[in-house]
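Visitor: no sequence on this one, just coordinates:
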Ligand SMILES: NC(=O)c1ccc[n+]([C@@H]2O[C@H](COP(=O)([O-])OP(=O)(O)OC[C@H]3O[C@@H](n4cnc5c(N)ncnc54)[C@H](O)[C@@H]3O)[C@@H](O)[C@H]2O)c1
């Protein structure tokens with residue numbers, strides 16, 4: 001009678017035989033395809049060998065000198081021998097993987113005259129990582145500084161190792177000494193649950209952090225773009241909001257740690273400009289959405305999409321008559337780059353003036369995702385602005401900028417991203433948004 005134990009043994013033996021066969025085929029294919037290694041491959045391998053000798057690993061150094069090793073799998077008689085061979089094979093596979101140069105999106109080549117060194121604080125976050133993509137594809141050198149509070153290495157991992165890219169784990173509340181021609185200062189949590197998580201830290205990041213960035217810019221003569229926000233207008237009494245409106249902010253409310261800190265950030269920028277001649281640009285960013293948004297961003301777009309995708313009720317806080325206007329992230333990135341490179345130094349609103357009520361948004365997303373969710377209303381939250389719509393006359397006039405991505409297109413791309421995120425269960429299941437060429441950066 002065949003016991004479970006016997007079946008397990010058969011299964012193990014079969015797996016080992018399958019492994020040996022796979023190893024033999026792999027080895028054979030290596031031998032058959034072992035065309036002479038190219039000069040570049042040889043150079044790469046000797047680089048590795050040198051690296052290993054420098055790190056003191058003589059054994060690896062000697063293996064690395066052999067461009068494409070082969071392995072004899074013909075004399076395997078026992079299970080132990082097979083296991084040893086498998087371990088050897090695994091080691092060689094790792095070695096081969098290490099030798100394969102990483103592929104990067106094809107970036108434009110800029111000569112030293114046109115290539116800029118650009119520092120992006122908060123560059124591993126949602127907006128920052130899209131800005132990184134665009135500037136990298138344009139051929140600039142990009143340095144990302146991030147403390148990974150809400151940002152993720154994943155957002156920029158496709159650039160790690162590229163000669164034009166550097167990622168620095170650093171909290172901007174501490175001073176930083178770096179050479180740069182331009183700075184985009186984006187470091188700050190952006191969504192209410194994130195900035196309310198540690199209000200004092202939010203204030204420090206936007207005040208002490210901004211002082212550090214402006215100090216750096218002063219030392220190296222760089223131009224700084226400050227990522228401000230429509231929240232500086234608070235719960236506005238003027239509609240739509242123009243840059244000349246001074247705002248209506250509750251200084252002691254739950255949102256004040258962000259709103260007031262961003263207001264101080266703007267004040268610091270203009271003080272450094274007046275006192276120290278630092279060139280500054282101020283972008284007042286309105287609600288932005290797109291791929292790479294945080295799953296727990298906690299704002300309308302991500303909340304509604306996630307609720308719809310997971311079949312939960314779509315929750316509206318308050319009557320649902322409050323309005324919002326949302327811009328797709330690639331439009332914002334266009335605006336930020338145009339503003340940085342313009343000769344205009346007063347604040348500029350960057351947002352999409354197409355206004356919808358929250359209930360309309362809920363219905364649009366519900367229709368797009370489908371499913372069985374119901375739209376339900378809950379109590380309003382404290383200090384929730386009732387109307388938000390940018391007046392972008394200034395951006396149109398001084399930058400020639402206006403948003404071009406429709407709500408339908410933007411939401412479709414974002415839903416696709418969230419859907420893939422929800423399906424992930426392993427690190428190896430990637431959901432990357434790797435730019436392919438300059439005309440297709442924001443996939
Ligand atoms: N997304 C929007 O709708 C929106 C709207 C208005 C303004 N903004 C502003 O744009 C900027 C980027 O926003 P986002 O949506 O990409 O947010 P995000 O949270 O995805 O990105 C912010 C990044 O800053 C990093 N960071 C936070 N504190 C830091 C610190 N002390 N030191 C170093 N890094 C730090 C985070 O880790 C993250 O990578 C923020 O300054 C935000 O205030 C965004």
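Guide: Good, I have the coordinates. Remember, predicted model here, so these are calculated numbers, not experimental data. Numbers count the residues shown, from 1 in each chain.
Visitor: can we go C-alpha only for contacts and neighbour counts from here?
Guide: Will do.
Visitor: Could I get the contacting residues of the closest residue to residue 371 other than its chain neighbours?
Guide: Closest residue in space to residue 371, ignoring its immediate chain neighbours: residue 311 at 6.2 Å, by CA to CA, 6 or more residues apart in numbering. The contact partners of residue 311, by CA atoms under 8 Å, 6 or more residues apart in numbering, come to 371-373.
Visitor: Could you measure from residue 311 over to residue 418?
Guide: 14 Å (CA to CA, to the nearest Å).
Visitor: Around the ligand, pick out the residues from the stretch 251-400 of the chain.
Guide: Within the stretch 251-400 of the chain, the positions near the ligand by CA under 6 Å from any ligand atom are 285-288.
Visitor: Domain map for the protein?
Guide: 18-99, 117-440 (automatic domain parsing).
Visitor: Just the helices from the stretch 151-300 of the chain, written as ranges.
Guide: 192-197, 199-220, 256-276, 300-309 (DSSP state H, counting those that start in this stretch).
Visitor: Ok, the stretch 301-443 of the chain next?
Guide: 329-340, 358-369, 393-394, 407-423.
Visitor: deepest of those helices, which one?
Guide: Greatest average neighbour count among the helices of the stretch 301-443 of the chain goes to helix 329-340 (a mean of 22), per mean count of other CA atoms under 10 Å.
Visitor: Which elements pack onto that one?
Guide: Counting contacts by 3 or more CA pairs under 8 Å, 6 or more residues apart in numbering; DSSP states H and E, helix 329-340 packs against helix 126-137, strand 223-229, strand 280-285, strand 288-289.
Visitor: can you put those in CSV and add distance to residue 156 and mean neighbour count?
Guide: CSV is the format used below for the helices and strands packed on helix 329-340 (distance: least, CA to CA, whole Å; neighbours: other CA atoms under 10 Å):
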stretch, distance to residue 156, mean neighbour count
helix 126-137, 6, 24
strand 223-229, 19, 25
strand 280-285, 22, 25
strand 288-289, 18, 22
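Visitor: Would you show me how to pick out the buried ones of the contacts of residue 311 in PyMOL?
Guide: Here is the PyMOL command that selects the buried residues among those (16 or more other CA atoms under 10 Å):
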select buried, resi 373
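Visitor: which one of the contacts of residue 311 is nearest residue 218?
Guide: Nearest to residue 218 among those, counting by CA to CA, is residue 373 at 52.8 Å.
Visitor: show me the contacts for the closest one.
Guide: Applying CA under 8 Å, 6+ apart, the residues near residue 373 are 307-308, 311-314, 366.
Visitor: Kindly report the same for residue 318.
Guide: 377-381.
Visitor: Next: residue 384.
Guide: Residue 384 touches residue 235, counting by CA under 8 Å, 6+ apart.
Visitor: Roughly how far does it sit from residue 318?
Guide: 9 Å.
Visitor: Ramachandran coordinates for the nearest residue to residue 135 once chain neighbours are set aside?
Guide: Of all residues beyond its chain neighbours, the one nearest residue 135 is residue 142 (7.2 Å), with distances taken as CA to CA, 6+ apart. Dihedral angles phi and psi of residue 142 (degrees, to the nearest 10) take the values phi -120, psi 130.
Visitor: what's across from residue 142 in the sheet?
Guide: The residues listed as beta-bridge partners of residue 142 by DSSP bridges are residue 118, residue 165.
Visitor: okay, now it: neighbour count?
Guide: Summarising burial for residue 142: neighbours were counted as other CA atoms under 10 Å, giving 27.
Visitor: check contacts around it.
Guide: Neighbour list for residue 142: 117-120, 132, 135-136, 164-166 [criterion: CA under 8 Å, 6+ apart].
Visitor: Let me have the residues you listed in TSV, extended by pLDDT and distance to residue 204.
Guide: Shown next, in TSV, are these (pLDDT from 0 to 100; distance: CA to CA, whole Å):
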residue	pLDDT	distance to residue 204
117	98	26
118	98	23
119	98	20
120	98	18
132	98	24
135	98	28
136	97	29
164	97	30
165	98	27
166	98	25
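Visitor: and which of those residues is nearest to the ligand?
Guide: residue 120 (9.4 Å; CA to the nearest ligand atom).
Visitor: which residues sit in contact with the closest one?
Guide: Per CA under 8 Å, 6+ apart, neighbours of residue 120: 128, 132, 142-145, 183-186.
Visitor: Give me the spatial nearest neighbour of residue 293, chain neighbours excluded.
Guide: Distance criterion CA to CA, 6+ apart; nearest residue to residue 293, sequence neighbours excluded, is residue 126 at 5.3 Å.
Visitor: Show the pLDDT at that neighbour.
Guide: pLDDT, residue 126: 96.
Visitor: just checking, it touches residue 153?
Guide: No: Residue 126 is beyond contact range of residue 153, at 11.1 Å (criterion: CA atoms under 8 Å).
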